[in-house]
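1. what follows is a predicted structure for the sequence shown.
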Number of protein chains: 2
Amino acid sequence: MQYPEPVAKLIDGFMHLPGIGEKTATRLAFYTIDMPKDEVQQFAQALNDTKEKLTFCSVCGNITETDPCEICSDPMRDQSQVLVVEQPKDIATMEKMKDYHGLYHVLHGVLSPMEGKGPDDINISSLIKRLQKNETIKEVIIATNATPEGDATAMYLARLLKPAGLKVTRLARGLAVGSDIEYADEMTLFRAVEGRTEM
Amino acid sequence: MQYPEPVAKLIDGFMHLPGIGEKTATRLAFYTIDMPKDEVQQFAQALNDTKEKLTFCSVCGNITETDPCEICSDPMRDQSQVLVVEQPKDIATMEKMKDYHGLYHVLHGVLSPMEGKGPDDINISSLIKRLQKNETIKEVIIATNATPEGDATAMYLARLLKPAGLKVTRLARGLAVGSDIEYADEMTLFRAVEGRTEM
């Protein structure tokens, strides 16, 4: 006996998601079968809406229902700063901090020679054009991930933008708040010492 | 800035699933946004089909597209044995073993005084009726989970069915195949010694 076709297809659907193998997918599928009908339908609708209603902001590359996005069209945001992130979800993470009020730019990736990703494969040219058009922008804050690829992309952007007279900064490296020195890796400790601040 | 509404709804959808918290739900939602449109639509369709096309077999309680289910309507299955499981997914697990050819009955739960679940709240009365109607059934194999609730349910069923002259058996307890004695708990070891077999 195989699973009934609808169950098999649902398991397959869950297995397309990252970090979900056959066992978890099966568990989720059988859980879904027991869920109230309207909850399942809302979930299915949300999946469809994701593809129907969402688009990328033509200014910053964020995901949005309106173009330009809420942040780009908000006159209260500080128009002199642009914070560059790798992915749209990074914007949501930064916004949770509630202490940055400037604009954003989403690269949709990082430079990665290993994966054959060069400057033309990520959203850099639109950033350059945006900076050329908007003379209000004074500072570019690079917030790529603290990975080799993220660092390389940050270096590349800094070299590209500094000659144009822009202030280019990046997020500080150091100990995570609440972390133990015992568990910090050498590179993090090195950067924490290097970037030490006076008390 | 909140997430755009479709994203927020999708995150909420994922969070309704077991073992998925806000962080994982957010990760899955953003992954979904990057998935090809047809894959997402197929997944949404599978979710809807789960509720539209599946029903419970009126004989055994298994989930099925047809009523009675494939197993109940298969004349090649051994009509003298009924294996009682807690959930429909347990049938799929048993079938993977490929060595049981009898029928099934799904309780859709276990007796659990703690949760206020008595004999009337699970699929016992339909089992009794089924056994009364089908004189071909000679053995009831109880395959509830090896938990206190599963054991209590097994005891209850045994007491109910044995007076009717049926053979009532349950799955063996002991060491899992491939497991180390070092890591076995006391109860499992006790049952393994108690149920030892001659070599």
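-> That came in fine, so what should we check first?
2. can you get me a residue count around A:Pro6?
-> Other residues within reach of A:Pro6 by the criterion other C-beta atoms under 10 Å in any protein chain shown amount to 22. Yep, even glycine has a C-beta here, placed from its N, CA and C like the rest.
3. hang on, A:Met35 packs against B:Pro18?
-> No: A:Met35 lies out of contact with B:Pro18 (C-beta atoms under 8 Å); the separation is 10.1 Å.
4. more neighbours: these two, which one.
-> Neighbours per residue, other C-beta under 10 Å: of A:Met35 and B:Pro18, the larger number sits with A:Met35, 16 against 9.
5. dump the residue contacts of the more buried one.
-> Shown in contact with A:Met35 (C-beta atoms under 8 Å, 6 or more residues apart in numbering or on different chains): B:His16.
6. pLDDT at it, what is it?
-> As summarised for this prediction, A:Met35 has a pLDDT of 92.
7. check A:Met97 too.
-> In the prediction, the pLDDT value recorded for A:Met97 is 83.
8. determine the three-state secondary structure at A:Val177.
-> Under DSSP: H, G, I helix; E, B strand; the rest coil, A:Val177 falls in the coil class.
9. wait, A:Arg173 sits on A:Arg196?
-> No: taking contact to mean C-beta under 8 Å, the distance of 11.4 Å between A:Arg173 and A:Arg196 leaves them out of contact.
10. ok, those two, which is more surrounded?
-> A:Arg173 (14 against 9).
11. name the nearest residue to that one, sequence neighbours excluded.
-> Nearest-residue entry for A:Arg173: A:Arg191, 3.7 Å, with adjacent residues in sequence omitted and distances by C-beta to C-beta, 6 or more residues apart in numbering or on different chains.
12. ok, the one you found touching A:Gly174?
-> Yes: in terms of C-beta under 8 Å, A:Arg191 counts as a neighbour of A:Gly174; the distance is 6.1 Å.
13. all helices of chain A, in order?
-> For chain A, the helices defined by DSSP state H cover A:5-15, A:22-34, A:37-53, A:88-97, A:124-133, A:148-161, A:186-194.
14. pick the most deeply packed of those.
-> Among those, helix A:5-15 has the highest mean neighbour count (mean count of other C-beta atoms under 10 Å in any protein chain shown), at a mean of 20.
15. what does that one contact?
-> A:2-3, A:20-22, A:24-26, A:28-30, A:32-33, B:42-43, B:45-47, B:49-50, B:53-54, B:63, B:65.
16. please save the CA atoms from it in CSV.
-> Extracted as CSV, the C-alpha positions of helix A:5-15 are listed here (Å, rounded to 0.1, in the frame of the first residue of the first chain):
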residue,chain,number,x,y,z
GLU,A,5,-2.3,10.3,-3.9
PRO,A,6,-3.3,13.5,-2.2
VAL,A,7,-1.2,12.5,0.8
ALA,A,8,1.8,11.5,-1.3
LYS,A,9,1.6,14.9,-3.1
LEU,A,10,1.4,16.8,0.1
ILE,A,11,4.4,14.9,1.5
ASP,A,12,6.3,15.8,-1.7
GLY,A,13,5.2,19.5,-1.2
PHE,A,14,6.6,19.6,2.3
MET,A,15,9.8,17.9,1.1
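17. what sits against A:Lys138?
-> Applying C-beta under 8 Å, 6+ apart, one finds that A:Lys138 lies in contact with A:80-81, A:166-167.
18. that one and chain B: what is the separation?
-> Separation of A:Lys138 from chain B (C-beta to the nearest C-beta, to the nearest Å) stands at 22 Å.
19. A:Glu65 now?
-> In this structure, A:Glu65 and chain B are separated by 5 Å, where distance is defined by C-beta to the nearest C-beta.
20. and the spatially most central residue of chain A, backbone torsions?
-> Of all residues in chain A, the one closest to the mean position by C-alpha atoms, centre = their mean is A:Gln87, 2.4 Å from it. Note on A:Gln87: backbone dihedrals following degrees, to the nearest 10 are phi -130, psi 150.
21. my guess is it contacts A:Val106, does it?
-> Yes: counting by C-beta under 8 Å, A:Val106 is a contact partner of A:Gln87 at 6.6 Å.
22. low-confidence stretches in chain A?
-> Of all residues in chain A, those with pLDDT under 70 make up the ranges A:1.
23. would you mind splitting it into its domains for me?
-> A:5-52, A:76-170 (automatic domain parsing).
24. and the first one, how far from the chain's centre?
-> For domain A:5-52, the separation from the chain centroid amounts to 25 Å (computed by C-alpha atoms, centre = their mean, to the nearest Å).
25. does A:Ile137 touch A:Leu83 like I think?
-> No: judged on C-beta under 8 Å, A:Ile137 makes no contact with A:Leu83 at a distance of 11.0 Å.
26. so how far is B:Lys133 from A:Ala25?
-> Shown here: A:Ala25 relative to B:Lys133, a distance of 37 Å by C-beta to C-beta, to the nearest Å.
27. sorry, wrong one. I was asking about A:Ala184.
-> Separation of A:Ala184 from B:Lys133 (C-beta to C-beta): 69 Å.
28. just A:Leu127 next, same as before
-> As defined by C-beta to C-beta, A:Leu127 lies at a distance of 74 Å from B:Lys133.
29. A:Lys89 now?
-> For A:Lys89, the distance to B:Lys133 (C-beta to C-beta) stands at 57 Å.
30. please apply the same query to A:Lys117.
-> Computed as C-beta to C-beta, the A:Lys117 to B:Lys133 distance reads 67 Å.
31. please apply the same query to A:Asn62.
-> The separation that A:Asn62 has from B:Lys133, given C-beta to C-beta, amounts to 63 Å.
32. pull the number of nearby residues for A:Ile141.
-> The burial count for A:Ile141: 19, using other C-beta under 10 Å.
33. who touches the closest residue in space to it that isn't next to it in sequence in this structure?
-> By the measure of C-beta to C-beta, 6+ apart, the closest residue to A:Ile141 outside its immediate chain neighbours is A:Leu83, 4.4 Å from it. When contacts are counted by C-beta under 8 Å, 6+ apart, A:Leu83 is found next to A:94, A:100, A:102-105, A:140-143.
34. again, only using 7 Å
-> A:94, A:100, A:102, A:104, A:141, A:143 (C-beta atoms under 7 Å, 6 or more residues apart in numbering or on different chains).
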